[in-house]
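Chemist: Give me a 3D structure for the following:
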Amino acid sequence: MKSPLLLKFAIVFSLISFLVCGLTYQLIKKRLGLSPRGNRALFSFLMFSAVMMIVGPILYRVYSVSADSGADLLFQWAQFSLLGWVGSCFLVFLFMEILQLGSKTFDPKKRIFLTEGVARTLLAGTTLSSLAGLVEAKAGPSITPVEIRLETLPPAFHGLTIAQISDVHVGPLIHENYLNQVVDQVMSLNADLIFITGDLVDGTVDQLKEQVSPLKRLRAKEGVYFCTGNHEYYSGAKEWITHLESIGIHVFQNSHLILKRTTATGVDSLLIAGVHDHHADRYEASHRSDPRKAAETTDPVNCKILLAHNPFSIEGAVDAGFHLQLSGHTHAGQFYPYSFIVKAALKYSEGLYRVNSQTQLYVNRGTGYWGPPNRLGKRSEVTKITLLSAALT
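Modeler: Below you'll find the predicted structure:
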């Protein structure tokens, strides 16, 4: 991450961390009725949490700490776990405040959900749910089978299989062992194509070269392909593109390839393309995402598929004439209660969507996790996509 970007990140994240921790303190303090000493202890703990949340990622980026460092790993686990727990507490107790505003004509002391007992229960529940989410995160991804019927898919490609992974986030918490499990799952699918739709890493090539070595085992009949996500641009996107190409993973850069199959009546074709991340030009001016450029060809093609990390790229994909876009980025909110917010805020948060009569979109929930080691209710996934031709179904 370049110095100006790192400084901006540090300032913004510091303000947010202290703000959220401070508000969480006020919300919990109001409900628990602690003694002055208890309030001081609660305040100290939350301010300590804020400092941990700020220092952890900055140290990781500034000093490029090796992923093999046991001390740093422990530090990162502590700060990201606190990030998830504090964030969940903030939302839960903020919801209590909203409930009270909606029932202010009643005596709060007579409302069960506003009692100190319920507040303590919520604290305990948040802690237990964070632990349950940790177990789910550590279990790794499940395989999600998806059938996608495309009106334009030539019959010659009926049954074509794709293994999609996205948002692995190899970095502070996810290392070689986790990625080995993911690669084993992908290879067990024996897919025709393997797609990695961005946010593969959180860290530089020097930091993570050994941790991503399991990717060398990825093999597919029609190839292994990658498009950048936003986190690649925090980690040195150009260096990562070079490294991934060196281990046999083709990186789409507003570019494409065409698969062809000979039939009795001629040659059927399928265009596979990929774009830079939706906001890549904020970090690398030459990396502006351009679906139209990715689709440009003089060859006749029947069907077009786009790899684009961010679902927001779908508007450009539609304009460029793509029939299917494969994305990630959202993590489906990663864990409850944030999943509720993401689903409400985003038009495309997870799963398969028909955007219009021509174009569909599939959003992967994420194969790893970012930040808090928590996937409560939204387990990570390796997607097995089977393409079906409308002419044969």
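Chemist: List the buried residues in stretch 269-282.
Modeler: By neighbour count on 16 or more other C-beta atoms under 10 Å, the buried set for stretch 269-282 is 269-280. C-betas here are computed from N, CA, C, even on glycine.
Chemist: Next one, pLDDT for Pro4 please.
Modeler: On pLDDT, Pro4 comes in at 67.
Chemist: just the one 4 residues further on next, same as before
Modeler: Note on Lys8: pLDDT of 74.
Chemist: Tell me, how many residues neighbour it?
Modeler: For Lys8, the tally of surrounding residues (other C-beta atoms under 10 Å) stands at 12.
Chemist: same check, this time on Lys216
Modeler: Other residues within reach of Lys216 by the criterion other C-beta under 10 Å amount to 12.
Chemist: right, and it touches Ser246 too?
Modeler: No. If you go by C-beta atoms under 8 Å, Lys216 and Ser246 don't touch, sitting 9.7 Å apart.
Chemist: Pro155 versus Asp72, what's the distance?
Modeler: Applying C-beta to C-beta, to the nearest Å, the value for Asp72 to Pro155 is 53 Å.
Chemist: ok, now His331?
Modeler: Applying C-beta to C-beta to His331 and Pro155 gives a distance of 36 Å.
Chemist: Those two: which is more packed in?
Modeler: Higher neighbour count among His331 and Pro155: His331, with 28 against 15, using other C-beta under 10 Å.
Chemist: quick one: contacts for the residue nearest to that one when sequence neighbours are not counted?
Modeler: Nearest non-adjacent residue to His331, counting by C-beta to C-beta, 6 or more residues apart in numbering: Gly366, 4.2 Å away. For Gly366, the contacting residues are 166-169, 199, 328, 330-332, 334, 380-381, by C-beta atoms under 8 Å, 6 or more residues apart in numbering.
Chemist: Please tell me the pLDDT value assigned to Gly366.
Modeler: pLDDT recorded at Gly366 is 97.
Chemist: For it, grab phi and psi.
Modeler: phi 110, psi 140 (degrees, to the nearest 10).
Chemist: Then Trp77?
Modeler: Backbone torsions for Trp77, taken as degrees, to the nearest 10, come to phi -60, psi -40.
Chemist: OK, contacts around it?
Modeler: Taking C-beta under 8 Å, 6+ apart as the contact definition, Trp77 lies against 173, 373.
Chemist: measure it to Ala317 for me?
Modeler: On the measure of C-beta to C-beta, Trp77 and Ala317 end up 38 Å apart.
Chemist: Then Glu284?
Modeler: 21 Å.
Chemist: Neighbour count: the two, which is higher?
Modeler: Ala317 (27 against 15).
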